[in-house]
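A.B. asks: Sequence and predicted structure, then a few things I'm wondering about:
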Amino acid sequence: MTREKQIKNIFPREEDIHSNYRLKETIIQDRYLINGEIRSWKGKMLDVFSPICINNKSQSQQKLIGKYPLMTSTEALEVLNSAVNAYDRGAGEWPMMTVEQRIEHMYTFVAEMKKKRTEVVTLLMWEIGKSLKDSEKEFDRTVKYIIDTIDELKNLDRDSSKFKIEEGIIAQIRRSPLGVVLCMGPYNYPLNETFATLIPALIMGNTIIFKPPRYGVLLHNPLMEAFQKCFPKGVVNTVYGSGKDVITPIMKSGKIDVFAFIGTSKAADAIKSLHPQPHRLRTILGLEAKNPAIILPDADLDLTINETVLGALSYNGQRCTALKMIFVHQNIAESFLKKFNEKIASLSVGMPWSKDVQITPLPEKDKPEYLSNLVEDAKKNGAKVINELGGTINETFFYPAVLYPVNSKMKVYHEEQFGPVIPILSYKDISEPLQYILESNYGQQVSIFGTNTENIAKLIDPLINQLSRVNINSQCQRGPDTFPFNGRKDSAQGTLSVFDALRVFSIRTIVATKENNQNKEIVTEIVKERMSNFLSRDYIF
Ligand code: G3H
């Protein structure tokens, strides 16, 4: 079939979908988790339409896959109170528990979560259009993240079980929770990036309110019982609805201690500014990026093409780490563009469950139109769509558009496209891409492609002080999750990794006493009789 026909016929008829991937029923999620109770919801609901359209008599329509609550400020404040009461100013059951006990709860949770793999993976495909392979990867990566977090916490706790004696002071230093954490993840990793903050925040003894992203709500539904069963009441709570209705009152209450958010800086700033005492609010933010690829004249073209296509188009370019601007040296621009286009033409397009699919429909309703506008604006300012059928739209499907030559007058030069539009420009002097990075509002990562060691080395030092990761002959990415993930300028606040997240969601606290006989006896007795969870020599194996 020609590519044109493939795009035209991209959406299946219901009966053509393999029974393994068909949604058995519409998911009416008329419930939410509060105070350890799964409470039923009788109010307004929001329809959830899949990015996947169903072809019916040659007409394609987005499939209605479910509904979820549109809560109001009344329920949002009840959810807040549930988390506040469970924390009980640090005296709640969860924050007072030993680390070992919290770890036991987390092991039970992860075992329950694993039982829901198929359901969650299927919903990831239907709700955000992520390919089967990537949806499975997202689930498995999240499970691994939880296990790695537990292991890292054991290490942290083992180190903290030692006493220190300095300048005549005996002390024990541990990490304590911060309070109530509001976790909001993004639609592109609705499970993984929500849990990347929720899990460390939880295991450190905080209580949680989590709001799933706008696209990617229903896939959390199968995990509600696991949260209810595995943690004391009020420790994990869920909230759904428009940010204005539910997040505004929660933040305005001043009762949120930590705000963990992955999304746009505009939304982050708006939410943060609602807190009446902003100095009390700790924030951890993962925001926009516009990571460039710099292709040096001696780059290995085959490797570079593979990495740049993957970097620009994995999950249709809807990754904060995606390559969103490609600078290719003018001496190799022609051959690069030719091979790049050939590679794009070889990518398979289809439904998330189609074999080896790489390009799938987009979940954001207005995205195809937005991307089309970017393309038109670039065309008006001198670029061409250089790949065949680039930018073709069929409902929610947008076929990747390669734009060349891009310049600073175009919107796509500055804006984070977060989708399958690939701006390319050729440069003569290396100062051109370096200047782009210096002037950019974003500061996450870069990929350099080349074979000359000296030329690569010369770029590392100036780039690493502008960005937070320099990738050599490799696409940009967040993982492995044990590595630090952060950004400069408008790209992030704080660092996330298995190691860092435990620290972000806790504070170092200390019990100290002057080293004299009476104090030594008191401390020894407390430890010997196991009278405190904090002051303790217990060692987690
Ligand atoms: O959307 C941004 C994600 O953090 C990217 O993560 O590099 O693992 O796809 P990834």
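C.D. replies: All right, it came through fine. Residues are numbered from 1 along each chain as shown.
A.B. asks: what about Pro177, distance to the ligand?
C.D. replies: 25 Å (CB to the nearest ligand atom, to the nearest Å). Every C-beta, even on glycine, is put in place using the N, C-alpha and C of the backbone.
A.B. asks: Please name the bridge partners of that residue.
C.D. replies: Ser506 (DSSP bridges).
A.B. asks: roughly how far apart are the residue nearest to Gly179 when sequence neighbours are not counted and Glu93?
C.D. replies: Distances taken as CB to CB, 6 or more residues apart in numbering put Asp257 closest to Gly179, at 3.1 Å, once the chain neighbours are dropped. Counting by CB to CB, to the nearest Å, the separation of Asp257 from Glu93 is 18 Å.
A.B. asks: The two: who's more crowded?
C.D. replies: Neighbour comparison, Asp257 and Glu93: the larger count goes to Asp257, with 20 against 15 (by other CB atoms under 10 Å).
A.B. asks: follow-up on the earlier one: next one: phi and psi at the residue nearest to Gly179?
C.D. replies: Backbone torsions for Asp257, taken as degrees, to the nearest 10, come to phi -100, psi -30.
A.B. asks: show me what contacts it?
C.D. replies: Listed by CB atoms under 8 Å, 6 or more residues apart in numbering, the contact set of Asp257 reads 178-181, 206, 280-282.
A.B. asks: Stretch 85-96: which residues count as buried?
C.D. replies: 86-87, 92, 94-95 (16 or more other CB atoms under 10 Å).
A.B. asks: So which of those sit within helices?
C.D. replies: 86-87, 94-95 (DSSP state H).
A.B. asks: so which of the residues you listed comes closest to Glu529?
C.D. replies: Nearest to Glu529 out of those is Pro95 (CB to CB; 22.0 Å).
A.B. asks: who touches that closest one in this structure?
C.D. replies: Contacts of Pro95 by CB under 8 Å, 6+ apart are 87-88, 176-177, 205-207.
A.B. asks: one more time with 6 Å
C.D. replies: 87, 177, 205 (CB atoms under 6 Å, 6 or more residues apart in numbering).
A.B. asks: cool, and Thr283?
C.D. replies: Taking CB under 6 Å, 6+ apart, one finds 259, 493 in contact with Thr283.
A.B. asks: repeat for Lys290
C.D. replies: 324-325, 416, 442.
A.B. asks: and if you look at Thr194?
C.D. replies: Contacts for Thr194 (CB under 6 Å, 6+ apart) come out as Gly185.
A.B. asks: Number of residues surrounding whichever residue of the stretch 51-200 of the chain sits closest to the ligand?
C.D. replies: Closest residue of the stretch 51-200 of the chain to the ligand, CB to the nearest ligand atom: Asn188 (5.0 Å). Other residues near Asn188 come to 25 when the count uses other CB under 10 Å.
A.B. asks: Not counting its neighbours along the chain, what's nearest it?
C.D. replies: Gln318 (4.6 Å).
A.B. asks: Just give me the neighbour total for the one you found.
C.D. replies: Using other CB under 10 Å: Gln318 sits among 24 other residues.
A.B. asks: Would you mind giving both backbone torsions of it?
C.D. replies: Dihedral angles (degrees, to the nearest 10) for Gln318: phi -90, psi 60.
A.B. asks: Over to the one 5 residues further on?
C.D. replies: Dihedral pair for Leu323: phi -80, psi 120, per degrees, to the nearest 10.
A.B. asks: quick revisit: Three-state assignment for the residue of the stretch 51-200 of the chain closest to the ligand, please.
C.D. replies: Assigned by DSSP: H, G, I helix; E, B strand; the rest coil, the conformation of Asn188 is coil.
A.B. asks: right, and it touches Asn316 too?
C.D. replies: No. The pair Asn188 / Asn316 is not scored as a contact, 9.3 Å apart, by CB atoms under 6 Å.
A.B. asks: pLDDT at the closest residue to Lys355 other than its chain neighbours, what is it?
C.D. replies: Spatially, and ignoring its direct neighbours in sequence, Lys355 is nearest to Ser348 (7.5 Å; CB to CB, 6+ apart). Listed pLDDT for Ser348 reads 97.
A.B. asks: Check Ser58 too.
C.D. replies: On the pLDDT scale, Ser58 gets 78.
A.B. asks: Cross the contacts of Asp257 against helices and list the overlap.
C.D. replies: Nothing among the contacts of Asp257 maps onto helices, per DSSP H.
A.B. asks: Make TSV from the residues you listed and add pLDDT to it.
C.D. replies: What follows is the contacts of Asp257, written out as TSV (pLDDT from 0 to 100):
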residue	pLDDT
Leu178	98
Gly179	98
Val180	98
Val181	98
Asn206	99
Arg280	96
Leu281	98
Arg282	98
